[in-house]
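In: quick one, fold the following:
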Amino acid sequence: MSDINATHLGPRWYVAHTYSGYENKVKANLEKIIENRGLGHLIFEVVIPIETVVEKDGDEEKEVENKVFPSYVLIKMIMSDESWHVVRNIRGVTGFVGPGSHPTPLTDEEVEALNVEAKSFQLSFGIGDQVVINKGIFAGYKGRVEEISEDMKTVTVLVATGRRETPVYVDVSDVKADKSAN
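Out: Down below sits the predicted model:
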């Protein structure tokens, strides 16, 4: 990998291959490293494409999220020696998609087809609405939406803990409208 001709291309989407079941760990570790080392100027976004499907379990229907590409993580980054080494050395990453040590970026058509840069979407809830957190350590907790980030990626939910409400910051995909609150 050579820095020459790499950084002037701007950020592109690359695909990193991971061990099976390591996608979420790789994403979390990479995001932590980006924040701790101040690499936001090189690595912009980490995505695990998921699809929601409805599965029947007897008479019950439930929504299940499946990974569209198991063992792969999409990373929007400026390819340089530094960014390549950061991603490549994360535990669980086996390499980039591309020949040898030369990662191949996704084409604009592939990015569009994968819908990883979807800018607008409809939320099933708004500020002040009751929601249920469905992932993470607060899974199952109900609360009220206090704030939705400008980029619509995170939500601040006020969760009742004892006699007071505690703000909990969660990914927008980890929250669903509380239909029992109506």
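In: give the other helices and strands that the lowest-mean-pLDDT helix or strand in the chain contacts.
Out: Sorted by mean pLDDT, DSSP states H and E, the helices and strands of the chain end with strand 50-57, the least confident at a mean of 79. Counting contacts by 3 or more C-beta pairs under 8 Å, 6 or more residues apart in numbering; DSSP states H and E, strand 50-57 is packed against strand 60-67. The C-beta positions use only the backbone N, C-alpha and C, and glycine is treated the same way.
In: can you give me the angle the next helix or strand after the strand it packs on makes with strand 60-67?
Out: Tracing the chain past strand 60-67, the next element assigned as helix or strand by DSSP states H and E is strand 72-77. Interaxial angle, strand 72-77 versus strand 60-67 (axes from the mean of the first three to the mean of the last three C-alpha atoms, to 10 degrees): 50 degrees.
In: just the buried residues of strand 72-77, please?
Out: Residues 72-77 are the ones in strand 72-77 that count as buried (16 or more other C-beta atoms under 10 Å).
In: tell me, what residue is most central in the protein?
Out: In the chain, the residue lying closest to the centroid (C-alpha atoms, centre = their mean) is V47, at 4.3 Å.
In: pLDDT value on the residue nearest to it when sequence neighbours are not counted, please?
Out: Nearest non-adjacent residue to V47, counting by C-beta to C-beta, 6 or more residues apart in numbering: L74, 4.4 Å away. Per-residue pLDDT puts L74 at 94.
In: next: P11.
Out: 89.
In: for it, what are its contacts?
Out: The contact partners of P11, by C-beta atoms under 8 Å, 6 or more residues apart in numbering, come to 44, 76-78.
In: check contacts around the residue in the chain sticking out farthest from the centre.
Out: Farthest-out residue of the chain from its mean C-alpha position, per C-alpha atoms, centre = their mean: R163, at 32.7 Å. Residues near R163 by C-beta under 8 Å, 6+ apart: none.
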